[in-house]
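1. the following block contains a protein sequence and its predicted model.
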Amino acid sequence: MKQKHIFITMGLSLLFLVAGTVSADAQILKKLKKKAENTATRKLEDKTQKETEKVMDTILGNDGGSSNPGGGTPNGSTSGSGGNDAPPTSETEEISMYSSSDWVPGEDIILFDDFANDPVGDFPQLWNTKGSGELVTLSDNPKQKWLKLYNDTWYEPDLPKDLPKDFTVEFDVRTFNIMTKNTSQTAGFWVYLGDGEKALKIGRRYVSSYFSPFPDWVKEQFLKSIDHEGDGELAMGKTNKDIREAFQKGMHVAISVKGKRYRAYINGEKIFDAPRAVNDNENFGSILFDTYGLKDDQAILITNLRVAEGLPEPRQKLFKTGSYTTTAITFDVDSDKLKPEAFSILKEIAEAIKAEPGKNILITGHTDSDGSDAHNMDLSMRRATAVKNALVEKFNVDASRLSAEGKGESAPIVSNDSAINKAKNRRTEFTIN
């Protein structure tokens with residue numbers, strides 16, 4: 001009996017020892033996992049902080065950031081493109097993402113504003129707000145102006161007319177001084193399409209997209225569509241796409257409304273696709289931006305707002321009329337570097353050209369009037385060549401069928417007296433040669 005008790009005692013002791021070891025191992029694994037998560041978070045935050053300190057050490061009005069604080073910017077528009085789930089680290093990755101995207105920009109420009117005609121430090125003349133805001137430049141690209149949005153404040157650009165049934169909205173957005181240690185978890189950035197009945201009011205019917213700039217963990221991005229005098233809630237949804245680094249470095253936001261369908265993209269990746277989000281009995285009449293949860297030394301910045309209607313039809317226009325002109329092929333400011341979002345329209349152009357073998361195409365670049373004649377002539381030639389190279393290298397168009405030329409500012413289609421007209425003059429023309 002005594003021996004039996006000894007065996008039982010030894011067995012229980014061994015069981016407790018094993019259980020204790022398993023428990024200890026589980027605690028160690030839990031601590032290691034937590035440590036890894038904290039390390040990843042710190043690395044992201046440290047990386048972001050270093051980028052912020054390096055790139056945005058001047059957010060102006062002061063002397064250090066703008067080479068031309070009172071005047072216009074050179075040709076083109078810029079984008080601080082970042083990424084999404086795994087933010088692109090190279091131009092090739094950015095191009096690949098857009099070349100596989102179903103995003104298609106509107107063709108005919110309704111509104112464009114890169115703040116070229118507004119001085120740094122002022123509020124842009126073609127916008128409205130219930131609070132305050134100012135135009136600033138950043139040290140990584142002092143030629144590009146950004147509208148600095150203050151906390152809990154509404155911003156609305158002036159639209160020349162109600163929006164059509166089918167339209168697209170695009171803009172670049174980035175953050176300033178938003179890090180885990182100084183940012184509220186409730187911080188947010190909203191884009192609204194409103195009824196336009198009253199200034200700075202979303203109205204009785206609207207569609208909104210919400211983007212979280214909080215950099216610590218992945219936060220949901222929300223979509224909401226409301227019609228207070230009609231069908232009530234038309235759509236409500238969320239996604240947990242990781243846009244943290246993209247938001248901090250700068251991302252391109254694109255929204256498409258086609259009938260009842262609402263789609264939103266970040267750097268070419270579709271994050272919302274709601275087939276019945278819009279009550280299309282009436283047209284939208286306003287675009288509004290709103291912020292929340294920011295401190296006085298923090299900001300969300302936007303630029304290059306482009307609103308357009310009408311889908312591009314390169315094959316039909318080029319091969320039925322002999323020419324096709326588009327403003328959707330965009331470049332970095334005063335540069336021949338194609339913006340990643342230009343590759344969606346280049347893909348369609350490439351498919352049109354390859355579908356009509358035996359016909360050669362002349363690509364002509366045009367600029368606005370900012371800069372000297374000689375500079376713009378050279379810039380337009382380099383841009384036309386960049387388009388040709390992209391069609392050949394990225395979309396496998398036969399190089400022998402393509403030629404390029406530049407006309408600079410010599411053939412404007414409208415006067416260069418506003419940001420929207422300059423955007424219309426910055427265009428690429430394709431002609432059967």
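-> Everything's here; your move.

2. where does the prediction get shaky in the chain?
-> Scanning the chain with the threshold set as pLDDT under 70 gives 1-97, 99.

3. now the spatially most central residue of it: how far from Gly268?
-> What sits nearest the mean C-alpha location of the chain, by CA atoms, centre = their mean, is His252, with 0.9 Å. Remark: distance between His252 and Gly268 (CB to CB, to the nearest Å) = 8 Å. (C-beta placed from N, C-alpha, C; glycine too.)

4. kindly report the same for Arg261.
-> Separation of Arg261 from Gly268 (CB to CB) stands at 18 Å.

5. those two: which is more packed in?
-> More neighbours surround Gly268 than the other of Arg261 and Gly268, with 25 against 15 (other CB atoms under 10 Å).

6. check the offset of the strand or helix carrying Lys320 from the chain's centre.
-> Assigned by DSSP states H and E, Lys320 belongs to helix 314-321. For helix 314-321, the separation from the chain centroid amounts to 29 Å (computed by CA atoms, centre = their mean, to the nearest Å).

7. got a list of contacts for that helix?
-> The contact list for helix 314-321 (CB atoms under 8 Å, 6 or more residues apart in numbering) reads 323-324, 326, 345, 348-349, 351-353, 355-356, 359, 361, 430, 432.

8. who touches the helix or strand following it?
-> Following helix 314-321 in sequence order, the next helix or strand is strand 323-326 (DSSP H and E). Applying CB under 8 Å, 6+ apart, the external contacts of strand 323-326 come out as 107, 312, 314, 317-318, 345, 349, 427-432.

9. only the buried subset of the residues you listed, as a ChimeraX command please.
-> In ChimeraX syntax, the buried subset of the contacts of strand 323-326 is picked out as below (16 or more other CB atoms under 10 Å):
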select :107,312,314,317,318,345,349,427,428,429,430,431
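
10. would JSON lines of the contacts of strand 323-326 with secondary structure and distance to Lys130 be doable?
-> Formatted as JSON lines, the contacts of strand 323-326 follow (DSSP: H, G, I helix; E, B strand; the rest coil; distance: CB to CB, whole Å):
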{"residue": "Glu107", "secondary structure": "coil", "distance to Lys130": "33"}
{"residue": "Pro312", "secondary structure": "coil", "distance to Lys130": "36"}
{"residue": "Pro314", "secondary structure": "helix", "distance to Lys130": "42"}
{"residue": "Lys317", "secondary structure": "helix", "distance to Lys130": "43"}
{"residue": "Leu318", "secondary structure": "helix", "distance to Lys130": "46"}
{"residue": "Ile345", "secondary structure": "helix", "distance to Lys130": "36"}
{"residue": "Ile349", "secondary structure": "helix", "distance to Lys130": "42"}
{"residue": "Arg427", "secondary structure": "coil", "distance to Lys130": "36"}
{"residue": "Thr428", "secondary structure": "strand", "distance to Lys130": "39"}
{"residue": "Glu429", "secondary structure": "strand", "distance to Lys130": "42"}
{"residue": "Phe430", "secondary structure": "strand", "distance to Lys130": "44"}
{"residue": "Thr431", "secondary structure": "strand", "distance to Lys130": "48"}
{"residue": "Ile432", "secondary structure": "strand", "distance to Lys130": "52"}
